[in-house]
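1. How does the following fold in three dimensions:
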Amino acid sequence: MSFRAGFVAIIGKPNVGKSTLLNALVRRKIAIATPKPQTTRDNIRGILTLDDAQIIFVDTPGIHKGKQKLNQAMVQRAYDAVADVDLLLVLVDASKGINRADLAIIDSIKESKKPKFLIVNKVDKINKGDLLEFLMDVDTEMFDEIIPVSALQSRNIDELIETIKKYLPEDVQYYPAEMVSDYPESFLISEIIREKILMNTEEEVPHSIAVVIEEITNRKTVIYIRALIVVEKQSQKGIVIGRNGQMLKKIATEAREELETHLGSKVFLETFVRVQENWRDRKSQLQQLGYWDNGQNE
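-> As a prediction, the model looks like this:
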């Protein structure tokens with residue numbers, strides 16, 4: 001029996017369900033997902049290993065226009081992923097219809113010779129008649145496959161996986177079977193903490209947050225984690241900490257509980273908040289926080 005392997009990018013505008021789809025495909029949470037746009041800031045790789053194939057999915061930041069260097073770095077990473085994979089999944093939101101942002105993304109990969117799938121997400125929110133009308137706005141002939149799914153309900157996920165396998169090249173297995181992501185543990189830890197901040201804070205705060213893991217130490221009966229939360233303004237620091245420290249305590253408690261499940265151990269999570277003004281638009285800060293590559297264009 002031949003073995004197939006390859007890389008598959010998931011692209012689309014912000015908040016269409018890319019991270020939820022990635023988690024459904026690899027059958028484990030490796031990417032945070034919130035209702036807030038631009039939750040994903042980096043290309044996150046999830047690995048699905050089957051008896052006859054290994055699929056490395058790349059969840060990309062939502063493609064959008066933004067003036068800040070952080071936004072530019074996020075979009076550049078999404079397009080870098082498109083260049084380096086074997087297959088493209090373009091994800092759109094069936095519940096909101098196709099708009100100019102979707103069409104711009106579709107047009108940007110039109111000339112690509114790679115196999116392209118149009119994945120219509122959130123079909124649990126519409127009926128079949130609406131789906132046909134939805135597709136009238138799209139040049140469907142440019143896609144090799146069109147597959148409706150509900151990432152949240154894992155509907156048609158197995159069908160999507162089986163179809164992807166048919167388009168992958170015969171190749172060797174890239175990663176050990178037990179690996180579900182090639183990111184260091186510290187990355188997922190920082191993302192889980194950031195997810196809890198996004199879910200608990202006001203609109204002003206989410207896009208101004210970064211989380212840096214300064215220490216992870218295995219002690220006798222507990223894993224000690226020291227995390228730095230970076231914000232841009234003193235007012236945002238006040239929001240994250242909350243009255244009498246209650247918001248930061250809530251964030252840390254929710255993060256610790258999920259980390260204990262993920263790590264299979266008791267966790268002692270210590271969090272601190274620091275203001276670094278305009279960090280999202282300062283290349284040196286973006287490099288320090290891991291959002292800007294040294295070789296990236298200005």
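2. All the helices of the protein, residue numbers only.
-> Per DSSP state H, the chain carries helices over the ranges 18-26, 69-83, 100-108, 128-135, 157-167, 185-200, 234-241, 246-263, 283-288.
3. lowest-confidence stretch among the ones you listed?
-> Mean pLDDT values for the helices of the chain show the minimum at helix 69-83, a mean of 54.
4. how does this protein divide up, domain by domain?
-> The chain breaks down into these domains under automatic domain parsing: 4-167, 185-288.
5. on that earlier part again, out of the helices of the chain, nearest to residue 148?
-> helix 128-135 (6.2 Å; C-beta to C-beta). Every C-beta, even on glycine, is put in place using the N, C-alpha and C of the backbone.
6. in the closest one, what's buried?
-> Buried residues in helix 128-135, defined by neighbour count with 16 or more other C-beta atoms under 10 Å: 134, 135.
7. Low-confidence ranges, the stretch 1-150 of the chain, go.
-> The stretch 1-150 of the chain contains residues with pLDDT under 70 at 1, 32-43, 61-81.
8. mind running it again at 90?
-> 1-2, 9-20, 23, 27-46, 58-85, 94-113, 123-140 (pLDDT under 90).
9. what ranges do the strands span in it?
-> Ranges of strands within the stretch 1-150 of the chain are 4-11, 44-49, 53-59, 87-93, 116-121, 145-148, based on DSSP state E, counting those that start in this stretch.
10. The second one: partners in the sheet, and parallel or antiparallel?
-> Pointing back at strand 44-49 there. Neighbouring strands of strand 44-49 in its sheet, by DSSP bridges, are strand 53-59 (antiparallel).
11. can you list the residues that contact the partner strand?
-> Outside of strand 53-59, the residues that reach it under the criterion C-beta atoms under 8 Å, 6 or more residues apart in numbering are 3-10, 18-19, 21-22, 25-26, 31, 40, 43-48, 81, 85, 161, 164-165, 168, 173-175.
12. Model confidence score at residue 169, please.
-> Residue 169 is given a pLDDT of 94.
13. Touching, it and residue 5? I think so.
-> Yes: taking contacts as C-beta atoms under 8 Å, residue 169 lies within contact range of residue 5: 7.4 Å.
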